[in-house]
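Visitor: sequence unavailable; structure follows:
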Ligand SMILES: Cc1ncc(COP(=O)(O)O)c(C=O)c1O
């Protein structure tokens, strides 16, 4: 089959929920993908910040194969050995106390919203409102799309769940204005992803921590995109010196295997008792065996230092591009955005034709979230293709 034939069949049989590029990658290794025609691409999308160890990492293949011969799925009715091991690693890496596993970022955030509400319900306090932020993105379930501070995601899905209030990102006084004795949590991405690769200011995150301490409410960090080593630390909040009460993960945690997680302090986690929350597939043996391996590699010697080094190198290389349409290069580690003064849709397409996969974050920000394993040669190749594409754009 050709790329076109696959696309045509896809249009016939797959529900029309994605604006897709007209290629069908069928093979991947490291930072590269090959489509069905054999054309090679340097992949700076990485499944949208998922494939942190690149495609088809040899150690992940072994972990997956070994577990697939032992046990695929039981149920959370029983203790799941690799899940318990993964929980221990995440707890020790995060400074939090307990883990819950699910299957996606939206589900992790849904769990965090439920946990915050249930905690106060249990303590007979009438607090169930959550302060979220404009331009945020938290997922596509009804509660998480409501938490998402972008109207376009809400349209047509009314009635939306109640209890979400939208403050300005990086603006503490708008948070203070929305606080009330009904607020149970503040939920924020330390680096906004879909909203345009916007890192929180240090003072802002530190200020949110202080507000939550003062009010006795929970600080929830959505690290679905910015977590798992992407900023050069296991958790982005570790680059800020601020610890949340609850943090959510997905994407990079499985390196390409679908898994999500919510970590919480002992206090926050006490909001749930058996029966309050669950997931059939959450943390099953197959996915947690792979995620354990992802954690071991990502926290192994020198890995995160290399992320910081490559991130700095990529930023410097992008900043050296001389093009008056570039407004700003920003981000943290290997979560980078180049803001242009105009819509970048055509630029993304030209890059793809030239063999570089990148994506947008909003209309004017070109996003790069490559595997965390990229090297200098691959960065140079990406920057050269981008420069070439800019000449044509
Ligand atoms: C910050 C953030 N939260 C949540 C989500 C939703 O994750 P998922 O698509 O796995 O449900 C995303 C997805 O892009 C995200 O970037």
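Guide: Cool, got the structure. Everything quoted here is computed from the prediction, not taken from an experiment.
Visitor: from here on, just use CA atoms for contacts and neighbour counts.
Guide: Will do.
Visitor: read off the pLDDT value for residue 356.
Guide: At residue 356, the model reports a pLDDT of 98.
Visitor: for it, which non-adjacent residue is closest in space?
Guide: Among residues not flanking residue 356 along the chain, residue 42 sits closest, at 4.9 Å (Cα to Cα, 6 or more residues apart in numbering).
Visitor: what of residue 262?
Guide: residue 248 (4.4 Å).
Visitor: how far away is that neighbour from the ligand?
Guide: Using Cα to the nearest ligand atom, to the nearest Å, one gets 8 Å for the distance from residue 248 to the ligand.
Visitor: ok, now which ones touch the residue nearest to residue 356?
Guide: 31, 32, 33, 355, 356, 357, 378, 382 (Cα atoms under 8 Å, 6 or more residues apart in numbering).
Visitor: name the SS class of the residue nearest to residue 262, please.
Guide: strand (DSSP: H, G, I helix; E, B strand; the rest coil).
Visitor: make 426 the first number, not 1, from now on.
Guide: Happy to do that; since the first residue is 426 now, the last one works out to residue 673.
Visitor: state the distance from it to residue 456.
Guide: Between residue 673 and residue 456 the computed distance is 26 Å (Cα to Cα, to the nearest Å).
Visitor: quick one, which of the two is more surrounded?
Guide: Applying other Cα atoms under 10 Å to residue 673 and residue 456 shows that residue 673 carries more neighbours, namely 30 against 24.
Visitor: would you check that that one makes contact with residue 530?
Guide: Yes - assessed by Cα atoms under 8 Å, residue 673 is found in contact with residue 530 at 7.2 Å.
Visitor: mutual contacts of the two, please.
Guide: Joint contacts of residue 673 and residue 530 (Cα under 8 Å, 6+ apart) are 649, 685, 686.
Visitor: so what's the most centrally placed residue in the chain up against?
Guide: The residue lying closest to the centre of the chain (Cα atoms, centre = their mean) is residue 650, at 1.5 Å. The neighbours of residue 650, taking Cα under 8 Å, 6+ apart as the test, are 474, 618, 674, 675, 676, 677.
Visitor: thinking again about what came up before, which helix or strand contains the residue nearest to residue 781?
Guide: strand 465-468 (DSSP states H and E).
Visitor: tell me the strands beside that strand, with direction?
Guide: Each strand that pairs with strand 465-468, with its direction, by DSSP bridges: strand 457-460 (antiparallel), strand 781-782 (parallel).
Visitor: pLDDT on it, on average?
Guide: 99.
Visitor: check which element follows that strand along the chain.
Guide: helix 471-474.
Visitor: need the residues that contact the helix or strand just after that next one.
Guide: Sequence order places helix 483-495 as the next helix or strand after helix 471-474, per DSSP H and E. Residues outside helix 483-495 that contact it (Cα under 8 Å, 6+ apart): 710, 711, 714, 715, 718, 719.
Visitor: one more: stretch 796-812?
Guide: Contacts of stretch 796-812 (Cα under 8 Å, 6+ apart): 455-456, 467-471, 474-479, 654-655, 732, 735, 738-739, 742-743, 746, 759, 776, 779-781.
Visitor: ok, of those residues, which come out buried?
Guide: For the contacts of stretch 796-812, a neighbour count by 16 or more other Cα atoms under 10 Å gives the buried set as 455-456, 467-471, 474-479, 654-655, 732, 735, 738-739, 743, 759, 776, 779-781.
Visitor: distance of residue 817 relative to the ligand?
Guide: 30 Å.
Visitor: who in the chain is up against the ligand?
Guide: 529-531, 562-564, 614, 618-619, 647-650, 675 (Cα under 6 Å from any ligand atom).
Visitor: quick one: the strands in the stretch 576-725 of the chain, in order.
Guide: 589-592, 608-613, 616-617, 623-624, 643-647, 671-674, 685-689 (DSSP state E, counting those that start in this stretch).
Visitor: for the third one, packing partners?
Guide: Spelled out, it's strand 616-617. strand 623-624 (3 or more Cα pairs under 8 Å, 6 or more residues apart in numbering; DSSP states H and E).
Visitor: run a quick neighbour tally on residue 564.
Guide: 21.
Visitor: any idea how far it lies from residue 639?
Guide: 29 Å.
Visitor: quick check: domain ranges of this structure?
Guide: The chain resolves into domains spanning 428-481+727-817, 484-723 when parsed by automatic domain parsing.
Visitor: most tightly surrounded among those domains?
Guide: Stretch with highest mean neighbour count among those: domain 484-723 (a mean of 20; mean count of other Cα atoms under 10 Å).
Visitor: can you give me the helices in the stretch 676-818 of the chain?
Guide: 691-694, 710-723, 728-744, 770-778, 801-817 (DSSP state H, counting those that start in this stretch).
Visitor: got TSV for these, with mean pLDDT too?
Guide: Listed next are the helices of the stretch 676-818 of the chain as TSV, based on pLDDT from 0 to 100:
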stretch	mean pLDDT
helix 691-694	98
helix 710-723	98
helix 728-744	98
helix 770-778	98
helix 801-817	98
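Visitor: what residue of the protein is the furthest out?
Guide: Farthest out in the chain is residue 549, which, by Cα atoms, centre = their mean, sits 33.4 Å from the centre.
Visitor: now that residue: how far from the ligand?
Guide: Taken as Cα to the nearest ligand atom, the span from residue 549 to the ligand is 29 Å.
Visitor: just residue 686 next, same as before
Guide: 10 Å.
Visitor: grab the nearest non-local neighbour of that residue.
Guide: residue 526 (4.4 Å).
Visitor: so the one you found: helix, strand or coil?
Guide: Relying on three-state DSSP, one would call residue 526 strand.
Visitor: export the strands of the stretch 576-725 of the chain to CSV and tack on mean pLDDT and distance to residue 437?
Guide: Shown next, in CSV, are these (pLDDT from 0 to 100; distance: least, Cα to Cα, whole Å):
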stretch, mean pLDDT, distance to residue 437
strand 589-592, 98, 38
strand 608-613, 99, 38
strand 616-617, 98, 35
strand 623-624, 98, 37
strand 643-647, 99, 35
strand 671-674, 99, 34
strand 685-689, 99, 31
